[in-house]
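> Below are the sequence and a predicted model for it; my questions follow.
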Amino acid sequence: PEKVSTRLMSQADDAVSSVQREIDSLRHEIERMNYAYYVLDQPIASDAEFDAALNRLRALEAEHPDLITPESPTQRVGTTPQAGFSQLTHPRPMLSLSNVYNEEELRAWAKRLERILPGDSFEFVTEPKIDGLAVSLRYELGRLAVGATRGNGEVGEDVTQNLRTVETVPQQVEGAPALLEVRGEIYLPRAAFAKLNEERAAAGEPTYANPRNTAAGSIRQLDPALAAARPLALWSYSIGALEGME
């Protein structure tokens, strides 16, 4: 009897391991499809193939709810609305940029730099700015642990559930150190914003004023399902806290 029991337990463990392997494979393939579609703009699978993979994953997770993880592609659709946002202290302050509106103000800023750094030689670099909502994504052992708004630079709002719904926010970062903080901007591409407003106008709903406020408002509301319904995107631009690099 003891041998029979041990054999049955081994068979059960093998079955669970087989399901886990299939789930892991499906999640990896779905994330690969998402990356190709949303980031590279080069689809590698048809809509039917994507839907089949996602539906298979949903079925397996429904049968084995203990194997569901927060970073699973099935969890991007949003969960139940929150009662309110908790506050999070950034591991390092998230500073904001100053604005200038004409050449005179820009030259005045350069003069101040010359006074602060007398005798130093420096160059300027310019780059386009994506206008949206500044966020911090904290990965622990490669998995998205928490996401927050910039807030006052020292303390932000915990909007993890909403950020998980954004297709271009990685749920996992392979080969990441123990702690990796990615900083970026959640924004609404202009074409997606125009399409969203067209759909709202056709439905008799009020249209939104601009992409920036729409993106920020989508993340800073309590129902993740609303964020999931918006075609939001992430633009990553810097690293904040970093621990565990060899």
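Nice, thanks for sending it over. Numbers count the residues shown, from 1 in each chain.
> What segments of the protein are strands?
87-89, 133-140, 143-149, 155-157, 179-187, 233-243 (DSSP state E).
> Okay, now the sheet partners of the second one, with direction.
For strand 133-140, the pairing partners within the sheet under DSSP bridges are strand 143-149 (antiparallel), strand 179-187 (antiparallel).
> ditto for the first one
For strand 87-89, the paired strands and their directions (DSSP bridges) are strand 155-157 (antiparallel).
> returning to what we had before: may I see the strands paired with strand 133-140 organised as a markdown table, with mean neighbour count and distance to residue 17 added?
No exception for glycine: its C-beta is placed from N, CA and C like everyone else's. Output for these, formatted as a markdown table (neighbours: other C-beta atoms under 10 Å; distance: least, C-beta to C-beta, whole Å):
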| stretch | mean neighbour count | distance to residue 17 |
| --- | --- | --- |
| strand 143-149 | 20 | 21 |
| strand 179-187 | 21 | 29 |
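> Indicate which one of those is closest to residue 228.
Among the strands paired with strand 133-140, the nearest to residue 228 by C-beta to C-beta is strand 179-187 (13.0 Å).
> Go through the strands paired with strand 133-140 and name the closest to residue 51.
Nearest to residue 51, of all the strands paired with strand 133-140, is strand 143-149, at 24.2 Å by C-beta to C-beta.
> ok, back up a step: got the strands of the chain as TSV, with mean pLDDT and distance to residue 35 columns?
Listed next are those as TSV, based on pLDDT from 0 to 100; distance: least, C-beta to C-beta, whole Å:
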stretch	mean pLDDT	distance to residue 35
strand 87-89	91	27
strand 133-140	95	16
strand 143-149	94	15
strand 155-157	91	26
strand 179-187	95	15
strand 233-243	93	12
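> Can you check which of those gets nearest to residue 223?
The closest of the strands of the chain to residue 223 is strand 155-157. By C-beta to C-beta, the value is 14.6 Å.
> Please list the residues outside that closest one that contact it.
Residues outside strand 155-157 that contact it (C-beta atoms under 8 Å, 6 or more residues apart in numbering) are 85-90, 94, 136, 148-151, 220.
> What of stretch 233-246?
Stretch 233-246 has contacts (C-beta under 8 Å, 6+ apart) with 38, 90-92, 94, 130, 132, 135-136, 138, 166-169, 177-189, 192.
> Output the strands of the chain in CSV; the columns should cover distance to residue 63.
Shown next, in CSV, are the strands of the chain (distance: least, C-beta to C-beta, whole Å):
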stretch, distance to residue 63
strand 87-89, 35
strand 133-140, 28
strand 143-149, 23
strand 155-157, 36
strand 179-187, 33
strand 233-243, 32
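> These: which one's closest to residue 113?
Nearest to residue 113 among the strands of the chain is strand 233-243 (20.5 Å), distances taken as C-beta to C-beta.
> Which residue ranges of the protein form helices?
Assigned helices in the chain, in chain order: 2-34, 47-63, 103-116, 160-163, 190-202, 211-219, 224-228 (criterion: DSSP state H).
> Buried deepest among the ones you listed, which one?
Comparing the helices of the chain by mean neighbour count (mean count of other C-beta atoms under 10 Å), helix 160-163 ranks first with a mean of 25.
> rewinding a little: out of the strands of the chain, which comes closest to residue 207?
Closest of the strands of the chain to residue 207 is strand 179-187, at 17.9 Å (criterion: C-beta to C-beta).
> Report the angle between that closest one and helix 211-219.
On the basis of axes from the mean of the first three to the mean of the last three C-alpha atoms, to 10 degrees, strand 179-187 is oriented at 130 degrees to helix 211-219.
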